[in-house]
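Q: any chance you could fold what I've pasted below:
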Amino acid sequence: MEGIEHRSVEVNGINMHVAEKGQGPVVLFLHGFPELWYSWRHQILALSDRGYRCVAPDLRGFGDTDAPASVDSYNGFHVVGDLVALIQSLQVEQVFLVGHDWGALIGWYLCMFRPQLIKAYVCLSVPFLRRNPTVPTVDSMRALYGDDYYICRFQEEGKVEAEMAQVGAEYVVKNIITTRKTGPPIFPKGEYGTAFNPDMKQDLPSWLTQQDLAYFVSKFKKTGFTGGLNYYRNLNKNWELTAPWSGAKIKVSVKFITGELDMVYTSLGMKDYIESGGFKEDVPGLEEVIIQPGVAHFNNQESPLDITNHIYDFITKF
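A: Here you go, the predicted structure:
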């Protein structure tokens, strides 16, 4: 990771850790769960060499960024507030935005609330989630998949953290990041078990080194998983907060990339939503949809060169 600079920025009442490399137009990378700025290591190195200033924060509650104690501190308004302050601190008018998993969802909020800050958005894995005007987000997921759906299981404070603590941070990170199981992650109460990856192997896949895993694990051993889990605990709160934007369209120029084995793409009716035109209806700025054959959820790490090239090809248009 030579040449990547690390600093702490005061944003929105917290200290945010930021990794940065390069000069030129800013590309802002937003990671998911259970991840860190480090998830973008390949893209930071490659795009900084191609004339871009790559900026990748640890989102609040993750890694070396502050983790406020209250669950409510992780609602969409607070997290987007952090990013608006970060963009302002960079002294630029606009950024190229790249988001994956929770970073993708936060990216949609940022595009909805402050579109003038975003030159273009490359979204990985999680498409825009159309707001149901009558049913809160977690309630609709519970109705579809039951109480053992992972997002429903994440709702109770302390419960899943205790189960994760029993198996340890390395097991949790490895189990989730290496999964190739499609469809909704369902797992029974009372155990963490092999929730995401029932076929977890001893050996790591070729795209994730022991050193990579060790970096993630070292940070989660220090912070625990509560910060990241609190994002899920705000899904219904975010549903309430975004009522004024119900039916709003995303006008920012967007490229969407997902793996055909992605657990999001293969559940919640996402495939139909993307292919039937519903996605384009909600996101008129959607210019391209890429489905990567044989690739699973963590596509920025599993197929880094492909993702880098897709990002580069898109942002060079602007």
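Q: report how many residues lie close to residue 271.
A: Neighbour count of residue 271, defined by other Cβ atoms under 10 Å: 16. In this view, the C-beta of every residue, glycine as well, is placed from N, C-alpha and C.
Q: same check on the one 3 residues further on?
A: Residue 274 sits with 19 neighbouring residues when counted by other Cβ under 10 Å.
Q: who's in contact with it?
A: 127, 256, 258, 265, 289 (Cβ atoms under 8 Å, 6 or more residues apart in numbering).
Q: can you count the residues close to residue 315?
A: Neighbour tally, residue 315, other Cβ under 10 Å: 22.
Q: these two touch, right, it and residue 28?
A: No - the criterion here is Cβ atoms under 8 Å, and residue 315 misses it with residue 28 at 11.4 Å.
Q: what comes up buried for the helix or strand that contains residue 162?
A: Using DSSP states H and E, residue 162 maps to helix 159-167. By neighbour count with 16 or more other Cβ atoms under 10 Å, helix 159-167 contains the buried residues 160-161, 163-164.
Q: for the helix or strand just after it, packing partners?
A: Once the chain leaves helix 159-167, the next helix or strand it forms, by DSSP H and E, is helix 169-177. If you count contacts as 3 or more Cβ pairs under 8 Å, 6 or more residues apart in numbering; DSSP states H and E, helix 169-177 packs onto helix 210-223.
Q: which residues are in contact with the following helix or strand past the helix it packs on?
A: Note on helix 210-223: by DSSP H and E, the next helix or strand toward the C-terminus is helix 226-232. Helix 226-232 is contacted from outside by 33-34, 60-62, 67, 71, 73-74, 79, 102, 151, 154-155, 157, 160-161, using Cβ under 8 Å, 6+ apart.
Q: which of those fall in helices?
A: Mapping the contacts of helix 226-232 onto helices (DSSP state H) picks out 79, 102, 151, 160-161.
Q: which residues touch residue 72?
A: Per Cβ under 8 Å, 6+ apart, neighbours of residue 72: 78, 234, 237.
Q: before we move on, the earlier item: which neighbours do residue 315 and residue 28 share?
A: residue 96.
Q: need the contacts of residue 274 in JSON lines (columns: secondary structure, distance to residue 306 and pLDDT).
A: What follows is the contacts of residue 274, written out as JSON lines (DSSP: H, G, I helix; E, B strand; the rest coil; distance: Cβ to Cβ, whole Å; pLDDT from 0 to 100):
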{"residue": "127", "secondary structure": "coil", "distance to residue 306": "19", "pLDDT": "98"}
{"residue": "256", "secondary structure": "strand", "distance to residue 306": "14", "pLDDT": "98"}
{"residue": "258", "secondary structure": "strand", "distance to residue 306": "12", "pLDDT": "98"}
{"residue": "265", "secondary structure": "coil", "distance to residue 306": "16", "pLDDT": "98"}
{"residue": "289", "secondary structure": "strand", "distance to residue 306": "15", "pLDDT": "98"}
